[in-house]
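Peer 1: this is a predicted model, with the sequence first.
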Amino acid sequence: MPEVTTPYAAGTPCWVDLMAKDQQAALDFYRDLLGWQGQRGPGEFGGYAVCELNGKAVAGIGPAMAPEGMPEPPTVWTTYLSSTDAQATQDAIVSAGGNLIVPVMDVGNLGRMLIAADPQGAVFGVWQPGEFAGAQVVNEASALTWNELHTSDVLAAAAFYGDAFGIDIQPMAGADAYWEMRVAGRPVGGATLLANDPPGTPAHWLAYFSVDDVDSTVDALVRREGTVLVPPFDMVAGRMTVVADPQGAPFAMITPRPM
């Protein structure tokens, strides 16, 4: 199992979580689909559940909550980018034209976080590790394996994420209209144009989970009342699909091509 044993470099996707209207239903769905184990957490953290795969943290699922007078957040998976200083990153995000949704806050001794949107509207999180660094296993079946920005303006996104996080966004060799996000020369994610999404789709980050067999996992998802948004298809990195859970949260699944 590809366990994460070193700190995530600043700007690297390090965690994903879901705020669900029905937290228990979401926990049950992902347990049945991906084999995650998780239960409602302590009240001091709003009941937030850290889901595990073979005892290692892979993702979070919490109950949808909103500050008084604010609308309930959408049911989506949020990608968190690692930071060594959340306050400095917040300042850089604002300076680069981003918008704050949830300003920097402490999460006990676990770390510090914030939620923001880039200038094109894609929402993301920032995580400064304390006692918790992020996903403890990645690039394994049922774990996070890729994070992808869908944007209306790749050049503007490159400028924003470069200024705010030091992420370098360049065309991916051998791929048509696809860009690679690099941190210190290492690929950490991808970017694509919203023109490839259904009309009206807002800018967003899409989380990919690895599975052993996309087609059979899609069958299992449909039996559990999930929705197929993009049927399984073969592409350069493997066989993938885009789906939504029963509460409407989109995500991708991929069976990577053998190396």
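Peer 2: Everything's here; your move.
Peer 1: what's the average pLDDT for stretch 239-253?
Peer 2: Averaging pLDDT along stretch 239-253 gives 98.
Peer 1: let the chain start at 45 from now.
Peer 2: Sure, I'll start numbering at 45, so the last one becomes stretch 283-297.
Peer 1: contacts for it, please.
Peer 2: For stretch 283-297, the surrounding residues in contact (Cβ atoms under 8 Å, 6 or more residues apart in numbering) are 62, 64-66, 69-70, 73-74, 119-121, 190, 192, 248, 250-255, 258-259, 261-262, 265, 268-277, 298-299, 301. Heads up, the C-betas are built off the backbone N, CA and C, glycines and all.
Peer 1: buried among the residues you listed? Need that as a selection in ChimeraX.
Peer 2: Buried subset of those, written as a ChimeraX selection, criterion 16 or more other Cβ atoms under 10 Å:
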select :62,64,70,73,74,119,120,121,190,192,248,250,251,252,253,254,255,258,261,262,265,270,276,298,299
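Peer 1: from the contacts of stretch 283-297, which land in strands?
Peer 2: 62, 64, 121, 190, 192, 248, 250-254, 271-277, 298-299 (DSSP state E).
Peer 1: find the helix or strand that the residue most central in space within the chain is a member of.
Peer 2: Central residue of the chain (Cα atoms, centre = their mean): residue 123, 2.9 Å from the mean position. Taking DSSP states H and E as the definition, residue 123 sits inside strand 121-126.
Peer 1: just checking: what are the partner strands of that strand?
Peer 2: Sheet pairing of strand 121-126 (DSSP bridges) gives strand 57-64 (antiparallel), strand 167-173 (parallel).
Peer 1: so which of these gets nearest residue 159?
Peer 2: strand 167-173 (5.2 Å; Cβ to Cβ).
Peer 1: contacts for the closest one, please.
Peer 2: By Cβ under 8 Å, 6+ apart, strand 167-173 touches 51-52, 58-59, 61, 120, 122-130, 133-134, 137, 145, 155-162, 178, 248-249.
Peer 1: could you redo the last one with a cut-off of 6 Å?
Peer 2: 58-59, 122-127, 130, 133, 155-159, 161, 249 (Cβ atoms under 6 Å, 6 or more residues apart in numbering).
Peer 1: now the angle from it to strand 248-254?
Peer 2: Counting by axes from the mean of the first three to the mean of the last three Cα atoms, to 10 degrees, strand 167-173 lies at 60 degrees to strand 248-254.
Peer 1: buried residues, strand 167-173. List them.
Peer 2: Buried, per 16+ other Cβ under 10 Å, within strand 167-173: 167-173.
Peer 1: tabulate those in JSON lines, adding columns for distance to residue 233 and pLDDT.
Peer 2: Below are the buried residues of strand 167-173 laid out as JSON lines (distance: Cβ to Cβ, whole Å; pLDDT from 0 to 100):
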{"residue": "167", "distance to residue 233": "15", "pLDDT": "98"}
{"residue": "168", "distance to residue 233": "11", "pLDDT": "98"}
{"residue": "169", "distance to residue 233": "14", "pLDDT": "98"}
{"residue": "170", "distance to residue 233": "15", "pLDDT": "98"}
{"residue": "171", "distance to residue 233": "15", "pLDDT": "98"}
{"residue": "172", "distance to residue 233": "19", "pLDDT": "98"}
{"residue": "173", "distance to residue 233": "19", "pLDDT": "98"}
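Peer 1: which one of those is nearest to residue 90?
Peer 2: For the buried residues of strand 167-173, the nearest to residue 90 is residue 169 (15.0 Å; Cβ to Cβ).
Peer 1: hey, what's that closest one bridged with?
Peer 2: On the basis of DSSP bridges, residue 169 is bridged to residue 124, residue 159.
Peer 1: now residue 151
Peer 2: Assigned bridge partners for residue 151, using DSSP bridges, are residue 155.
Peer 1: count of neighbours near it?
Peer 2: 16 (other Cβ atoms under 10 Å).
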